[in-house]
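**Student:** Fold the following.
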Amino acid sequence: MANKKLAIIATKGTLDWGYPPFILSSTAAALGYDVQIFFTFYGLQLLKKKMTVQVSPLGNPGMPMPMAMDKWFPVIGTAIPGMQSIMTLMMKSKMKAKGVASLEELRGLCIESDVKMVACQMTVDLFDMSPSDFISGIEYGGAATFFEFAGESDVCLYM
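**Tutor:** Model prediction:
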């Protein structure tokens, strides 16, 4: 009997949106699934050698903020220069305190678990990126590459 398959499209390149594809992929791989993540547009940030993703509180009204800032700090305040970096540091600090693995650790776990990671070649070309920007061991392909795998997947997710 063939393994179940999980196909994920990762389109976001922020700290908070980086977790779902790596957590779900590593978990599915541990459960015996064959897993492929197709990274396109801003999701390519998750494949860079030096991952410098940040959390973006702007436009994310559901984000719980420290010190109940979501209750008294106006949304426009999140657009203050430097606020994104401050919020990123606060989020990373909270995650570390709670024992949450870093994105780099989760990505490494996916690599160890043979999760296939595919960078969208069209997006790489569009943004003038170079293969030297990315970690080793990834593949490059287009929509057809994704559909070859996703067309036979048991679960297909868009993030």
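**Student:** From Gly32, how far off is the residue nearest to Leu15 when sequence neighbours are not counted?
**Tutor:** Of all residues not flanking Leu15 in the chain, Val55 sits nearest, at 4.3 Å (Cβ to Cβ, 6 or more residues apart in numbering). C-beta coordinates here come from the backbone N, C-alpha and C atoms, glycine included. Applying Cβ to Cβ, to the nearest Å, one obtains 32 Å for the distance of Val55 from Gly32.
**Student:** next one: Thr145
**Tutor:** Distance from Thr145 to Gly32, by Cβ to Cβ: 23 Å.
**Student:** In terms of neighbours, single out the busier of these two.
**Tutor:** Thr145 (18 against 8; other Cβ atoms under 10 Å).
**Student:** The more buried one contacts Phe38, doesn't it?
**Tutor:** Yes - using Cβ atoms under 8 Å, Thr145 is in contact with Phe38, at 7.4 Å.
**Student:** Could you export stretch 45-53 as PDB, CA atoms only?
**Tutor:** Below are the C-alpha coordinates for stretch 45-53, written out as PDB (Å, rounded to 0.1, in the frame of the first residue of the first chain):
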ATOM      1  CA  GLN A  45      11.900  33.600   2.000                       C
ATOM      2  CA  LEU A  46      11.600  30.400   4.000                       C
ATOM      3  CA  LEU A  47      14.100  28.600   1.800                       C
ATOM      4  CA  LYS A  48      16.800  31.300   2.000                       C
ATOM      5  CA  LYS A  49      20.100  30.300   3.700                       C
ATOM      6  CA  LYS A  50      19.800  33.200   6.100                       C
ATOM      7  CA  MET A  51      16.100  33.400   7.000                       C
ATOM      8  CA  THR A  52      15.300  37.000   8.100                       C
ATOM      9  CA  VAL A  53      11.600  36.700   8.300                       C
END
